[in-house]
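Colleague: Need coordinates for the following:
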Amino acid sequence: MTTYIVCEGDSNKQILEILLPKELLDTVVIVNGGDRLSSVISLARSVLVRRQAPVLVFANADAILPKQVTARQHEIDEFMGGVAISPFKVVLAVPEIETIFFHDLSILTRLTGQTLSPELLTTATYEPSLVLSQLMPEEQSTQNYADLLEQLSESDRDRLNHAPPIQDVIEFLRAVRETANVA
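Modeller: Numbers count the residues shown, from 1 in each chain. Just a heads-up that it's a prediction; the model follows:
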């Protein structure tokens, strides 16, 4: 059974394609639902109805306060639940997907060749994409992490897979796979 991941933007798609374990990707289609959350939700709802397949919505929370993140999660769950025929899950990266690069600072330091100051670490809590763009060489696009991701070793990927949003995706994919194998 195919599981669809509808994500927000190219960077989310790139990161998921690189970080998710290869053994889980053989039955997964990752789709860029656009840069607006409303487009992502619309596409995910369409997939749920038309394909009647499991869907995971992966988006940036664009917030760090737990109350705001929970409210956004609840709102998306309600939109999805209204049409859900198949299993679905909403995973929000708090505040955005670039947070995963700060999950293990030793990896980030090795990849960028820079040590983060306390000020940058604080800023990364609120705006990880901004800090990441400051750490990357000027010739690299801040929205294209392909070069950075290609430098990750298998060990790096395994460690970054423990970042909360990625771990949540992996758990959903494994649960869907186990359910499909039982049926």
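
Colleague: hmm, who's touching the least confident helix or strand in the chain by mean pLDDT?
Modeller: When the helices and strands of the chain are compared on mean pLDDT, DSSP states H and E, helix 146-150 comes out lowest with a mean of 83. For helix 146-150, the external contacting residues (C-beta atoms under 8 Å, 6 or more residues apart in numbering) are 14-15, 18-19, 101, 111, 136, 140. C-beta here means a position set from N, CA and C on the backbone, and glycine is covered the same way.

Colleague: Now with 10 Å, please.
Modeller: Contacts to helix 146-150, defined as C-beta atoms under 10 Å, 6 or more residues apart in numbering, come from residues 10-11, 14-15, 17-19, 101, 108, 111-112, 132, 135-137, 139-141, 156-157, 160.

Colleague: And that helix, what's buried?
Modeller: Neighbour-count burial for helix 146-150 flags 148-149 (criterion: 16 or more other C-beta atoms under 10 Å).

Colleague: Check stretch 24-42 too.
Modeller: Under 16+ other C-beta under 10 Å, the buried positions of stretch 24-42 are 24, 28, 30, 32-34, 37, 40-41.

Colleague: tell me which residues in the longest helix seen in the chain are buried?
Modeller: Longest helix in the chain by number of residues (criterion: DSSP state H): helix 164-182. Within helix 164-182, the residues that count as buried by 16+ other C-beta under 10 Å are 165-166, 168-170, 172-173, 176-177.

Colleague: Assumed Ile5 was part of a helix.
Modeller: No: when DSSP: H, G, I helix; E, B strand; the rest coil is applied, Ile5 is found to be strand, with no helix at that position.

Colleague: Tell me how many other residues crowd it.
Modeller: 28 (other C-beta atoms under 10 Å).

Colleague: Leu43 contacts Val31, correct?
Modeller: Yes: between Leu43 and Val31 there is a contact under C-beta atoms under 10 Å: 6.8 Å.

Colleague: Pull up the overlap in contacts between the two.
Modeller: 4, 6-7, 55.

Colleague: Show me the two of these that sit farthest apart.
Modeller: Spatially, the most separated pair among these is Cys7 and Val55, at 11.0 Å (C-beta to C-beta).

Colleague: joint contacts of the two?
Modeller: With C-beta under 10 Å, 6+ apart as the test, Cys7 and Val55 both reach 31, 43-44.
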